[in-house]
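K.L.:
my questions are about this predicted structure, shown below with the sequence.
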Amino acid sequence: MTRDEVLALGRRVVRLESEALAEVERRLDDGFVHAVELIVASSGRVIVSGVGKSGLIGLKIAATLTSTGTPATFLHPVESLHGDLGMVGDEDVAILISKSGESDELLVLLEHLKRFGVRTVALTGSPGSTMARECDASLDAWVREEACPHDLAPTTSTTAALALGDALAVAILEQKGFRREDFARLHPGGSLGRKLLMRVRELMETANLPLLAPTATLREAVVLLAERRGLVIVTGAGKGVDGVFTSGDLTRVMEREDNFMSIPVDDVMTRTPKVAHAEELASAVVYRMEQSGIMAMPVTGDDGGVVGVIHLHDLMRAGVA
């Protein structure tokens, strides 16, 4: 095969799988909503099961659910009939994955699960199948054809099942209010966990803080802005944050005042600034900075006093942003 022929084959597979995902999105319906509701309402685990390639997809779906705050485990349908059903409780919800929806192993497992009172979700490419009809909810993973040239090897069908599993996991974590901090607690190992668990105190600037009294003039503020990365913290006798003065504030003053250097900073500062706490997760501060469109925040300690400044650039260098 020539280079162009190989590339054409690769592009065909990617195109077919992309088209299949677009169709899965179009066919998403109330069955998806019901499946999410069943899992969110459950006090047990999610039991995921499938045979062959569907089983491999089931392993990944169970892992994704677990890592996003929904305890899940994979149950092999054959092993379930030889003792592994002991892991199933009546508060669990089971997701059964089968392209045809007629897999003998899964239909036998479904019968036992229903006997235990377990709620069930079918993830199948055949909405009219036995499994889809008998489960409490059904996810439509129909695909027109496999990317395999013989329309045999599971390719587009497994991609569709994987995408639906991801969609379930994300919808469930949103319903449960799963946060970045929760993700960090479940991923303490490696660089990802370390970055997500960083506190503001680890990254904040603490030396030569850009502090000014409310009575200071803009002349003094301009000097500090130039020297201290664009943020001046205005603090009075109580040592808390009375306000901030930024390069943006200076620009606005210059646009409306000809002689502004002698104006007290108290007259033009931002009086209700965004403030970070030293023990706050750095990742949470990044989110607030991005939402507010700001580059730096004063940092306070437990007593409300100023203890540092946190800059977005420092958060980016640390890999948090």
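P.N.:
The structure has been received and is ready for your questions.
K.L.:
pLDDT wise, what is the closest residue to residue 269 other than its chain neighbours at?
P.N.:
Leaving aside its chain neighbours, residue 269 sits nearest to residue 243 (3.6 Å; criterion: Cβ to Cβ, 6 or more residues apart in numbering). All C-beta spots, glycine's among them, are computed from the backbone N, C-alpha and C. The model reports residue 243 with a pLDDT of 94.
K.L.:
could you shift the numbering so residue one becomes 40, and keep it that way?
P.N.:
Let's use 40 as the start, then, which means that last one is residue 282.
K.L.:
list the contacts of residue 282.
P.N.:
Listed by Cβ atoms under 8 Å, 6 or more residues apart in numbering, the contact partners of residue 282 are 253, 273, 305, 308-312.
K.L.:
cool, and residue 164?
P.N.:
Residues in contact with residue 164 (Cβ under 8 Å, 6+ apart) are 138-140, 179-182, 196, 199.
K.L.:
ok, now residue 114?
P.N.:
Residues in contact with residue 114 (Cβ under 8 Å, 6+ apart) are 86-88, 123-124, 126-127, 133, 148.
K.L.:
apply 6 Å and report the result again.
P.N.:
86, 88, 123 (Cβ atoms under 6 Å, 6 or more residues apart in numbering).
K.L.:
ditto for residue 268
P.N.:
Taking Cβ under 6 Å, 6+ apart, one finds nothing in contact with residue 268.
K.L.:
quickly find the element holding it.
P.N.:
Assigned by DSSP states H and E, residue 268 belongs to no helix or strand.
K.L.:
selecting buried members of the contacts of residue 164 in PyMOL, what would you type?
P.N.:
One line in PyMOL is enough to select the buried ones among those; burial here means 16 or more other Cβ atoms under 10 Å:
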select buried, resi 138+140+179+180+182+196+199
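K.L.:
CSV for the contacts of residue 164, including pLDDT and secondary structure?
P.N.:
What follows is the contacts of residue 164, written out as CSV (pLDDT from 0 to 100; DSSP: H, G, I helix; E, B strand; the rest coil):
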residue, pLDDT, secondary structure
138, 95, coil
139, 96, coil
140, 96, coil
179, 97, strand
180, 96, coil
181, 95, coil
182, 94, coil
196, 95, helix
199, 96, helix
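K.L.:
looking at the contacts of residue 164, which is nearest residue 322?
P.N.:
Residue 322 has its nearest neighbour among the contacts of residue 164 in residue 199, at 32.3 Å by Cβ to Cβ.
K.L.:
surely that closest one and residue 180 touch.
P.N.:
Yes. In this structure, residue 199 is within contact of residue 180 by Cβ atoms under 6 Å, at 4.4 Å.
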